[in-house]
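Undergrad: A structural model of the following input is requested.
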Amino acid sequence: MITSNTKYLLIKYYEEVNLSEGNITIFQDDRNLWQIIFRNDREYVTLIDDENENGTTVSIKIIESTFSQFDKRYYISVENTFVKSRFYQEPLYSLNKRVWLFTTGKSIVNFPYFELLLLLLYIFFLKKSFIK
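TA: Predicted structure coming up:
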């Protein structure tokens, strides 16, 4: 579950990345387009490239109204060309529709990093599946 006051989503990659040409799209489960985040819009997309993150984390700013409807399902689609490997300069495999899926709701306890935890787990298992 994600709260309606979520302001940022963080995507942590297992290697250093650079922003590339792709976009991120947030849909409501009934297939309504809710927000498109263009990778070149620096107000909404930031590559965190400091001594702690080393270019492995992308911060996505969320429009205040994006998760405004309670008890609705949303999913996020990340295009394959959203980031590329800094070392290989090749696009990294991203999230297809209906992979990163969650429901909005009111919560007494706010878990602002819950969605990050889910994504990190997904990327970890995705990486393991490609290792031969």
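Undergrad: give me the element the residue nearest to residue 60 when sequence neighbours are not counted is part of.
TA: Once flanking residues are discounted, residue 60 sits nearest to residue 9: 4.5 Å by Cβ to Cβ, 6 or more residues apart in numbering. No exception for glycine: its C-beta is placed from N, CA and C like everyone else's. Taking DSSP states H and E as the definition, one finds residue 9 inside strand 8-12.
Undergrad: What residues of that strand count as buried?
TA: 9-12 (16 or more other Cβ atoms under 10 Å).
Undergrad: isn't the residue nearest to residue 60 right up against residue 62?
TA: Yes - taking Cβ atoms under 8 Å as the definition, residue 9 is a contact partner of residue 62 at 6.3 Å.
Undergrad: Just checking: what are the partner strands of the strand holding residue 9?
TA: strand 57-61 (antiparallel) (DSSP bridges).
Undergrad: as a whole number, average confidence for the partner strand?
TA: For strand 57-61, the mean pLDDT works out to 91.
Undergrad: Pull the distance from the helix or strand following it to the chain's centre.
TA: Later in the chain than strand 57-61, the nearest helix or strand by DSSP H and E is strand 73-78. Centroid separation between strand 73-78 and its chain, computed with Cα atoms, centre = their mean, to the nearest Å, is 9 Å.
Undergrad: And strand 73-78, what's buried?
TA: Buried residues in strand 73-78 (16+ other Cβ under 10 Å): 74-78.
Undergrad: Check stretch 88-103 too.
TA: Buried residues in stretch 88-103, counted by 16+ other Cβ under 10 Å: 91-92, 94-95, 100, 102.
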